[in-house]
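S.K.: output the structure for:
(chains A and B)
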Amino acid sequence: MEVYFDNSSTTKPFSEVIDEVAFGMREFYGNPSSLHNLGLKSEKKLKECRVILSKAINASENEIYFNSGGSEGNNSVLKGILKSGTHLITTPFEHSSILNTIKKLEDNKVKVTLLNINEDGRIDLEHLKNSITRETVLVSIMHVNNEIGVIQDLKAIGEIIKQNSSRTKLHVDAVQSYGKIPIDVKNMNIDFLTVSAHKFHGPKGVGFIYIRKPNTLIPLIEGGHQEFGIRAGTQNIPGIMGMSLASKMVNDKIDKNYKKVLEIKKIFIEKLKTIENIRINSSANEDFSPYILNVSFKGVRGEVLLHFLEESGIYVSTGSACSSKEREKIGGSYVLKAIGLSQDEIAGGIRFSFSDDNKEEEVEYLIDNLNKGLKFLRRKK
Amino acid sequence: MKQLILVKYAPEIFLKGLNRGKFERKLRDNIAKKLEGIKAEFIHDSGRYFIKTDETDESIKRISKVFGILEVCLVEEVEIDFNKIQEAALDKVTAAKGSTFKIITNRANKNFELNSMEVSRKVGGYVLNNYEGEINVDVKTPEIVINIEIRNNYAYVWSNNDITKGSAGLPYGMNGSTMLMLSGGIDSPVAGYLMAKRGVEVNCVYYHSHPYTSERAKEKVKDLAKILAEYTEKINLYIVPFTEIQMDIIDKCREDELTIIMRRFMMRIACKLADVYGIDSVCTGESIGQVASQTMDGLIVSDDCSDRPAFRPLIAMDKTDIMDIARKIGTYETSILPYEDCCTIFVPKHPKTNPKLDKIRKEEEKLKIDELVEKSIENIEVVTF
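M.R.: Just a heads-up that it's a prediction; the model follows:
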């Protein structure tokens, strides 16, 4: 039996999406920048896709800029806004494409404030309010954290920014939330949004940024004038078509899927209660995405449990790799570290991430094998 | 004018006396095996061995990895005619870039009208007179060295630019066999290379502990064996399931003796495998003082379990020198990939650095040693490269 519980890492593309991509490669091969009809046909197709994607977040179609995915999007926003001497506010458990970019920017005299987070992973809103200064140009927050699944209150964050500054913009890394948790960029006062297709059953290597008009981003990738001069390079039309179809399919059923996945997560947590010496790092309440469940299994190493489970066809993820060099560098998952877990809890952290096609039998199969694995691996005194 | 590949044997072969023929034949066989897939002809001209082929670059690349060879030279074959020889030498000097040169002549053909020194002098003069530009003779440290060999059938001319260094050593497979304990680290592949270089046939054993060690770690070891196989003939890799033994040791023995007892089991299993497959010795990448288990006491304790010679080619080498060899032979980049071959769960926090043999033997009595060894051997996976 193959049980895929690693959807936060990537998702299996819908078969309709695969067909759409193949269709796109055959029928829309013209370069949208070409002056002739073939180019125009492709350009029109891109426009259709922009409309679909923008509707899902209540943006307008010319606020959508296609790129290669989340990492590029995060780089584009940060590097395109933060000049020397400016101030950025963010969290200590952002994705590495944010945190590593920040390291480079700090070398270039950009100031960074990392917000305090509580043991559930929610940011301290008071701290946010007090951190905003005249130099603050950007607040960058991930909507849903990819390791533990905690959801930040974007509306509250947007409010605080609006009330305390006229120049600070809000960037939201929505890679784990787009198509899963409703997003309304107008309502939430969001200026930039990063999205990646392969997290919602779309193809890999394609994504988009939403940028509120009027746009003041300095382009990351220079060249031709594609994407209104924001991102050069001939667009990946088949990928974009696949992404738009995937977006439509998930957003049309966003509430239905949410409830379905929440059920799975709840059943899982119920059954976990029978296992000793664990810590559940993601609750089943509305502060957490139902798509992610992080559990620490004390007394075992995450990667070892992962390999044990894969023998039975079960695929999960861990921030705690076996490689001792990696461990020394980051001391295990930096996210679990940021919410204050102990060494033992960090070492045994496993992330289960669901999609709308996971079933209850799969959870039972997993629990069975978890029990077997823990019995075997916890033998060591 | 034709191009040939001249293969110069490592000088040690000439010391083999009555066995020299055997060594030469083995070396020729090894070269022929390495050139599989390339159309090549072997030519012998009075004590020199040449290979005639169109694919000179690829052939030279492969041959330079065969042990027992000092140099591989791309030479011009010239008729035995002094004028032609001079011209060839001049061409070579012109093609090489430099401001000083020297001619070295070896005249094996006793019918040739001039002797070696005369040839060198005359050719040197011809080059000085006809070279376009500035050039001088320097017999001590010339930038360009031209070799001229006058054999019975042809003369051969080449410059130092045409020379590729060989891997030296002795022909592979002439000096018995060994079972190398191959881990994914930097040291053991180097140990295997050094044994192979002395002509010892190398077989490898790798201890795998699923689920503590990943498939990637296993793939890394396979990749290392593949790289070693470029220098030898086929290599057999025996993959031994080790998890049960490790778990048993953890259950029943003291934590600080874990690594040492593990190494004793590894030695036992390697020797048992060597016995089953008729292999003369075992080999490890241990170097004294490098890590906690490789102190003198530690080595005495693990050596205790071997029933045949246990070779440790790196025993007196510094880590930096080992790393240099690893880079040279192409295993370094693979060895440093971060897939651990032994989960750090099995590394005691404070390992014993001075274990005493009788205490360890006593501790081991708690385990069913023979049973564990037998079971692991029954379940080996064999891969050949």
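
S.K.: the nearest residue to B:Gly192 once chain neighbours are set aside pairs with what?
M.R.: What sits nearest to B:Gly192 in space, not counting adjacent residues and going by CB to CB, 6 or more residues apart in numbering or on different chains, is B:Leu180, at 4.4 Å. C-beta coordinates here come from the backbone N, C-alpha and C atoms, glycine included. Per DSSP bridges, the residues bridged to B:Leu180 are B:Cys204, B:Cys283.

S.K.: which element is residue 245 on?
M.R.: You didn't pick a chain, so chain A it is. Taking DSSP states H and E as the criterion, A:Leu245 maps to helix A:237-252.

S.K.: my question was about chain B
M.R.: Going by DSSP H and E, B:Ile245 is part of helix B:243-252.

S.K.: who are the packing partners of that helix?
M.R.: Packing partners of helix B:243-252 (3 or more CB pairs under 8 Å, 6 or more residues apart in numbering or on different chains; DSSP states H and E): helix B:258-276, helix B:369-378.

S.K.: for it, buried residues please.
M.R.: Neighbour-count burial for helix B:243-252, with 16 or more other CB atoms under 10 Å in any protein chain shown as criterion, is recorded at B:243, B:245-250.

S.K.: which one of those sits closest to chain A?
M.R.: B:Ile250 (5.1 Å; CB to the nearest CB).

S.K.: got a pLDDT number for the closest one?
M.R.: We have a pLDDT of 86 for B:Ile250.

S.K.: mind checking what secondary structure A:Phe268 has?
M.R.: helix (DSSP: H, G, I helix; E, B strand; the rest coil).

S.K.: just to revisit the earlier point, nearest to chain A, out of the helices and strands packed on helix B:243-252?
M.R.: helix B:258-276 (10.3 Å).

S.K.: give the rounded mean pLDDT of that closest one.
M.R.: Averaging pLDDT along helix B:258-276 gives 94.

S.K.: secondary structure element holding the residue of the stretch 101-250 of chain A found nearest chain B?
M.R.: Closest residue of the stretch 101-250 of chain A to chain B, CB to the nearest CB: A:Glu147 (20.4 Å). Under the assignment given by DSSP H and E, A:Glu147 is not contained in any helix or strand.

S.K.: buried sites along stretch B:153-168?
M.R.: For stretch B:153-168, by 16+ other CB under 10 Å, it's B:154-160, B:162-163, B:166-168.

S.K.: just give the number of residues close to the residue of the stretch 101-250 of chain A closest to chain B.
M.R.: The number of residues packed near A:Glu147 is 26, by other CB atoms under 10 Å in any protein chain shown.

S.K.: how about the contacts made by it?
M.R.: By CB atoms under 8 Å, 6 or more residues apart in numbering or on different chains, A:Glu147 lies in contact with A:8, A:93, A:292, A:294, A:319, A:333, A:335-336, A:349, A:351.

S.K.: quick one: least confident of these?
M.R.: Among those, A:Gly319 has the lowest pLDDT, at 79.

S.K.: how close does that one get to chain B?
M.R.: To chain B, A:Gly319 is 15 Å away according to CB to the nearest CB, to the nearest Å.

S.K.: distance of the closest residue in space to that residue that isn't next to it in sequence from chain B?
M.R.: Among residues not flanking A:Gly319 along the chain, A:Ser333 sits closest, at 2.6 Å (CB to CB, 6+ apart). From A:Ser333 across to chain B, the span is 16 Å (CB to the nearest CB).

S.K.: what about A:Ser333, distance to A:Ser196?
M.R.: From A:Ser333 across to A:Ser196, the span is 20 Å (CB to CB, to the nearest Å).

S.K.: list the contacts of the closest residue to chain B within the stretch 151-300 of chain A.
M.R.: Residue nearest to chain B within the stretch 151-300 of chain A: A:Val300 (8.7 Å; CB to the nearest CB). Residues near A:Val300 by CB under 8 Å, 6+ apart: A:347-348, A:373-374, A:377-378.

S.K.: for it, what is the enclosing helix or strand?
M.R.: Counting by DSSP H and E, A:Val300 is part of no helix or strand.

S.K.: ditto for the one 4 residues further on
M.R.: Remark: A:Val304 resides in helix A:302-311, with elements defined by DSSP H and E.

S.K.: mind checking the longest strand of chain B?
M.R.: In chain B, with assignment by DSSP state E, the single longest strand is strand B:69-78.

S.K.: list the residues that contact the most far-flung residue of chain B relative to its centre.
M.R.: Outermost residue of chain B with respect to the C-alpha centroid, by CA atoms, centre = their mean, is B:Asn129; its distance is 45.1 Å. Contacts for B:Asn129 were tallied using CB under 8 Å, 6+ apart; there are none.

S.K.: quick check: it is in a helix.
M.R.: Yes. In this structure, B:Asn129 lies within a helix as judged by three-state DSSP.

S.K.: do you know the pLDDT at it?
M.R.: 91.

S.K.: any idea how far it lies from chain A?
M.R.: Going from B:Asn129 to chain A by CB to the nearest CB gives 59 Å.

S.K.: show residues contacting stretch A:151-167.
M.R.: Contacts to stretch A:151-167, defined as CB under 8 Å, 6+ apart, come from residues A:122-123, A:125, A:128-129, A:132, A:136-137, A:139, A:141-144, A:168-170, A:172, A:177, A:181, A:183, A:187-190, A:286-289.

S.K.: which among those end up buried?
M.R.: Buried among the contacts of stretch A:151-167 by 16+ other CB under 10 Å: A:122-123, A:128, A:132, A:136-137, A:139, A:141-144, A:168-170, A:172, A:177, A:181, A:183, A:188-190, A:288-289.

S.K.: can you tell me which of these end up in helices?
M.R.: If you go by DSSP state H, the buried ones among the contacts of stretch A:151-167 have A:Leu128 in helices.

S.K.: picking up where we left off before, spit out the contact partners of the residue nearest to A:Gly319.
M.R.: Under the criterion of CB under 8 Å, 6+ apart, the neighbours of A:Ser333 are A:147, A:318-320, A:346, A:349.

S.K.: sitting in helices, which of those do you find?
M.R.: Reading helices off those with DSSP H, I get A:Ile346.

S.K.: are any of the contacts of A:Ser333 buried, and which?
M.R.: Judged by 16+ other CB under 10 Å, buried ones among the contacts of A:Ser333: A:147, A:318-320, A:346, A:349.

S.K.: so which of the residues you listed comes closest to B:Arg264?
M.R.: Relative to B:Arg264, the closest of these is A:Ser320; by CB to CB it sits at 30.5 Å.

S.K.: look at that closest one and report its pLDDT.
M.R.: 68.

S.K.: how about B:Tyr9?
M.R.: 85.

S.K.: make sure it is actually in contact with B:Glu71.
M.R.: No. B:Tyr9 is beyond contact range of B:Glu71, at 9.3 Å (criterion: CB atoms under 8 Å).

S.K.: for those two, indicate the residue with more neighbours.
M.R.: Ranked by neighbour count (other CB under 10 Å), B:Tyr9 and B:Glu71 place B:Tyr9 first, with 20 against 16.

S.K.: OK, contacts around the more buried one?
M.R.: B:24, B:27, B:49, B:68-70.

S.K.: any regions of the stretch 251-385 of chain B where pLDDT drops low?
M.R.: For the stretch 251-385 of chain B, applying pLDDT under 70 flags the ranges B:340-345.

S.K.: give me the residue from it nearest chain A.
M.R.: Residue of the stretch 251-385 of chain B nearest chain A, by CB to the nearest CB: B:Pro338 (3.8 Å).

S.K.: wait, is that residue part of a strand?
M.R.: No. When classified by three-state DSSP, B:Pro338 is found to be coil rather than part of a strand.

S.K.: tally of neighbours for it?
M.R.: The burial count for B:Pro338: 16, using other CB under 10 Å.

S.K.: quick one, phi/psi of it?
M.R.: With angles defined as degrees, to the nearest 10, B:Pro338 sits at phi -80, psi 40.

S.K.: so where is the stretch 201-350 of chain A shaky, pLDDT-wise?
M.R.: A:320-332.
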